[in-house]
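> sharing a model prediction with you, sequence too.
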There are 2 protein chains.
Amino acid sequence: MMMLGRTRQVFLRTFRVYVADSQRISQFSGGGTSLIYEEYGDPLKVVKQIDTVIPQQLKDDQVLIRMLAAPVNPADINTIQGVYPVKTKPPCVPGNEGVGEILDVGNKVRSELQPGDYVIPRSTAFGTWRTHALATPSELIKIPSDVDLATAATIAVNPGTAYRMLKDFVPLTSGDTVIQNGANSAVGQAVIQIAAALGLKTVNVVRDRPSINELKQFLTKLGATVVLTESELRKSEEIKALPPPSLALNCVGGRSSTELLRQLAPEGVMVTYGGMSRQPIAVPTGALIFTDVKLFGFWMTRWNSNHLNHPERHQMLDELFQLARNGELKPPDHTLVPFSSFHIALENAMPSEGMLGKKQILIFK
Amino acid sequence: MMMLGRTRQVFLRTFRVYVADSQRISQFSGGGTSLIYEEYGDPLKVVKQIDTVIPQQLKDDQVLIRMLAAPVNPADINTIQGVYPVKTKPPCVPGNEGVGEILDVGNKVRSELQPGDYVIPRSTAFGTWRTHALATPSELIKIPSDVDLATAATIAVNPGTAYRMLKDFVPLTSGDTVIQNGANSAVGQAVIQIAAALGLKTVNVVRDRPSINELKQFLTKLGATVVLTESELRKSEEIKALPPPSLALNCVGGRSSTELLRQLAPEGVMVTYGGMSRQPIAVPTGALIFTDVKLFGFWMTRWNSNHLNHPERHQMLDELFQLARNGELKPPDHTLVPFSSFHIALENAMPSEGMLGKKQILIFK
């Protein structure tokens, strides 16, 4: 652990290094604040708040952003812990996702971005947990400003994951069935809504819990066709009334994923995007050989880095924002947390008994 | 258990039923013999030998075949046990694979097949464990007669599996690496040889055993680049000198398959075609999400039934026979067993401590 005096020193010393980085620790003229971690570790211990200075003059290719809202995603936690495959080089600003408003623009970027525009990061590890950020336009994607902040701050990673998994692995048409576990996760909620908008049926598996009926009602209201606990899945009559699913989405692993495989139609595909149970996926040999199921993984970070500026990415975001505008895609069940109370958001974003609670979204003012 | 008298009765009674079937129990004029199982069960108990009669006159669309050689494959054993996904309806003749010689042809098929031609079954469950068979040309594929009998009898299923797995999942070019477990299986031996002919490197994993050095020499002589026991795989320096494999072939499951997954290059594919350990495949979540590995299954029976008369199938067989002619594809390590000693072949073809010995090939005279 470092003392505050040393922290500031590191911050100033490393500024030059990080100015060329999307994770830069910016110097702002005037009063900003930023979270920072100087070493990997328990987020509740290593993440600290520091003051930043807003610069008086922008470079020609720079824009100054005021952050509006930024979620705390599991990937953010794992990045700070140093266990995520995207390795940062602390000291850096945490936060991969969020929405900001352009405050000011350099001389050469006036045609691309104007003050008042809303933007999200184009790449991972931008560092969204700070009141202000400097960036070049190529690091940003302009988004519509007529969507609520919680939606704008959370649309890229989780609904993006849901959208791609529904589009890229199995050709689905209206009436087809998709099965998923961890259906109450942020991705799971997006899957339910996007699938419903596409006319797809969803079988949604969740872990049993005291408030199971509330959860079932919540997901059904979002558009879930069927919601089942893991123990209900095997004996369910509801699922037998649906076409067998050709797509399974797995964010749990262990037994839960084996159950999904059992439900898959011949030639069905299981896409894994998470492993909440921390158990490997046990795949029965016969499912691969005789039922011809296929297993893929999906990682939004990789897809984005392969489609940084690709028309498909812009089309996806356009469609997601259109769904949001229509009321067909709501942000995940969430709590807005003032930026100054970031430690509460971090605490609530850590899995408890392998489950995650409401999505924590930091709000800047 | 049925008495012999009753067996014969069933055989005669069911003849009419099976005459329309590829698994027919034929009536021959003169002295033939056939194996038969009247119920699912332990092959050593339910498989019996019966006499058959060779017909004096062929129908216009029929051919009469004299079987020359037929292997005992694991799928044959599992079919008789009633645990294979292809369900037969006993009583029937066992044996899915083998080579026969045309003895006589009906009037309408003279342009397609002549006496002396060598043929193999086009579909599974033909019933090859009999001295004589009646068939229509559409049930048969004509093959070259200049290849040794052990090769001709065993080329369709196991080398076919090896060929398709090397061709259909990952685009491989000369110098690329393929890793496989169960490398001493019949498919494994074919993989080594076909891969070598294609200029591919193979990393071959086998279970440790008393005669490990002999086995290593045998596989190396076939063209294996590296042969390792499961315990040697993790610490091997030899494998580090090769390009990381983009294709893994798994016929074992359990820990062995997890080790293969660990060795796969990013975006690599593991194809499962067997499960000798009877353990499911444990897939680490991160391998799917972050390394982007993909898991598929392969089943020759399904591929064949989807390509019954497809040019791709004939091209594959042509290439395999060409390799055999060149000495680049030898039959699997085998023992020729006279048909009358079929019970010895069956006994030797049953896995012992999860391992299979030499391929048993029934020889008819």
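Received, thanks.

> which parts of the stretch 251-365 of chain A sit against chain B?
Contact residues (Cβ under 8 Å from any Cβ of the partner chain) of the stretch 251-365 of chain A with chain B: A:253, A:258, A:272-275, A:280-299, A:302. All C-beta atoms are positioned from the backbone trio N, CA, C, and that covers glycine.

> just the ones of those residues in strands?
A:253, A:272, A:280, A:281, A:282, A:283, A:294, A:295, A:296, A:297 (DSSP state E).

> tell me the bridge partners for the second one.
Listed beta-bridge partners, residue A:272: residue A:250, residue A:297 (assigned using DSSP bridges).

> neighbours of it, how many?
Using other Cβ atoms under 10 Å in any protein chain shown, residue A:272 is surrounded by 26 other residues.

> circling back to that earlier point, out of the ones in strands among the residues of the stretch 251-365 of chain A next to chain B, flag the one nearest to chain B.
residue A:297 (3.0 Å; Cβ to the nearest Cβ).

> contacting residues for that closest one?
Shown in contact with residue A:297 (Cβ atoms under 8 Å, 6 or more residues apart in numbering or on different chains): A:271, A:272, A:273, B:285, B:287, B:288, B:289, B:290, B:291, B:292, B:293, B:294.

> just the pLDDT at it, thanks.
For residue A:297, the model assigns a pLDDT of 98.

> over to residue A:219?
97.

> isn't it up against residue A:204?
Yes - under the contact definition of Cβ atoms under 8 Å, residue A:219 touches residue A:204, with a separation of 5.6 Å.

> those two: who's more crowded?
Neighbours were counted for residue A:219 and for residue A:204 using other Cβ under 10 Å; residue A:204 has more, 28 against 23.

> mind checking how far residue A:201 is from residue B:263?
Note on residue A:201: its distance to residue B:263, by Cβ to Cβ, to the nearest Å, is 39 Å.

> same question, residue A:82
Counting by Cβ to Cβ - residue A:82 and residue B:263 are separated by 25 Å.

> okay, these two: which has more neighbours?
Between residue A:82 and residue B:263, residue B:263 has the larger neighbour count (other Cβ under 10 Å), namely 20 against 14.

> can you pull the phi/psi pair for that one?
Per-residue torsions, residue B:263: phi -90, psi -20 (degrees, to the nearest 10).

> show me the contacts for the residue most central in space within chain A.
In chain A, the centroid-proximal residue (Cα atoms, centre = their mean) is residue A:157; its distance is 3.4 Å. Residue A:157 sits next to A:71, A:73, A:75, A:96, A:97, A:300 when contact means Cβ under 8 Å, 6+ apart.

> how close does the fifth one sit to residue A:362?
With the distance defined as Cβ to Cβ, residue A:97 ends up 11 Å from residue A:362.

> residue A:146 too?
Taken as Cβ to Cβ, the span from residue A:146 to residue A:362 is 22 Å.

> same deal with residue A:92?
Note on residue A:92: its distance to residue A:362, by Cβ to Cβ, is 17 Å.

> find residues that contact each of residue A:97 and residue A:362.
By Cβ under 8 Å, 6+ apart, the residues touching both residue A:97 and residue A:362 are A:70, A:71.

> coming back round to it: who's more crowded, residue A:92 and residue A:362?
Neighbours of residue A:92 and residue A:362, each counted by other Cβ under 10 Å, are more numerous for residue A:362; the result is 26 against 23.
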